[in-house]
Structure formats: structure tokens, C-alpha cells
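A.B. asks: Have a look; sequence and predicted model below, questions after that.
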Amino acid sequence: MFTVAWAILALVAIVLILAGGYILYSPADATLFTGITGLDPDSLQSSSPDLARYVTVITRLLAVAVIGFGILALFVTWFGVRDRSPLSINIMWTLPLLVGSLGLTLVLEGSVLIGLALAGLTAILCLALVIARRHS
């Protein structure tokens, strides 16, 4: 059960790395940008190139932060499995906090279905951490 709990945590860490990489290297999602601002990304680029570059930089910085957190979570997972360290379990509680806060943010923005899915993932992560704590 201990290994399954840590495998779930490692899987979420890998998904974070892949999602951050997708956001970093994929083109901007025009429908999301248009839904938030009411502007077409091309019209923003032509009317205010500095603002368009700023939006791109902020998106890429957030993607790098997601990748970094995923890599950190993967390393902590490795040491949690290898050493059965209680400190690793305590550090990994930041993962369900991150996922839960992202879900709450999406619910407040109107994406209730995705927010509820992230709430379910948060519950699974918390259960995995409780199991890992019990068997360490």
C-alpha cells in the first residue's frame, strides 16, 4: 500500500512536469485568452506588442514554476520511497494544497467541472499521503 501511495504522488508530479512543458512550448490558447479579455490575441499583438510580450512572459514563467514544482515533487517522492522519510511526507502535503487551490481558483472563475475534478484529485492525494504516513 505504501508503494501505491507514493506511485500516485509520483504520477501527479510527472503530470505537473508534462503540463508545464505543454504550457511552455505550446502556442497560447486563443479561446481562453479571448474569453478572459474579449480581445483576439492577434489584435492585441498589433495594438500593444509590449502587453502581448508581457502576457507571454508571465505565461512562460508560470509554466516554468509548474515544471519546477513537479521536479521537486518527483525528487521528494523518490526520497520518500527510498528512505521512508516522514519529512518527505510532510513536504508532499504542498502537492494537494497546490492542486486544491488551483481547483478552487477554477471554480471561482466559472470552470466548475474542472474544479470539481481537481477537488477529487486533491482528496486522492490526501488519502495517498495518509497511507504513506501510516506505513512509514
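C.D. replies: Now that the structure is in, tell me what you want to look at.

A.B. asks: my guess is Gln45 meets Ala52, correct?
C.D. replies: Yes: counting by C-beta atoms under 8 Å, Gln45 sits close enough to Ala52 to count as a contact (4.4 Å). (Glycine included, C-beta is placed from N, CA and C.)

A.B. asks: Report pLDDT for the residue nearest the centre of the chain.
C.D. replies: When C-alpha atoms, centre = their mean is applied to the chain, the residue found nearest the centroid is Leu16 (4.9 Å). Listed pLDDT for Leu16 reads 89.

A.B. asks: start at 36 instead
C.D. replies: Okay, using 36 as the starting number, the last item reads as Leu51.

A.B. asks: and the gap between it and Pro121?
C.D. replies: Counting by C-beta to C-beta, to the nearest Å, the gap between Leu51 and Pro121 amounts to 23 Å.

A.B. asks: for Val47, same thing?
C.D. replies: Distance, Val47 to Pro121, by C-beta to C-beta: 20 Å.

A.B. asks: Identify the residues contacting Leu59.
C.D. replies: Contacts for Leu59 (C-beta atoms under 8 Å, 6 or more residues apart in numbering) come out as 95, 98-99, 102.

A.B. asks: hmm, I was thinking of Phe68
C.D. replies: Counting by C-beta under 8 Å, 6+ apart, Phe68 touches 74, 76, 79, 90.

A.B. asks: Could you report the neighbour count for the second one?
C.D. replies: This means Pro76. 18 (other C-beta atoms under 10 Å).

A.B. asks: State which helix of this structure is the longest.
C.D. replies: Longest helix of the chain, by residue count under DSSP state H: helix 84-118.

A.B. asks: so how far is the helix or strand just after that helix off the chain centroid?
C.D. replies: Sequence-wise, the next helix or strand downstream of helix 84-118 (DSSP states H and E) is helix 121-127. Distance of helix 121-127 from its chain centroid, counting by C-alpha atoms, centre = their mean, to the nearest Å, is 18 Å.
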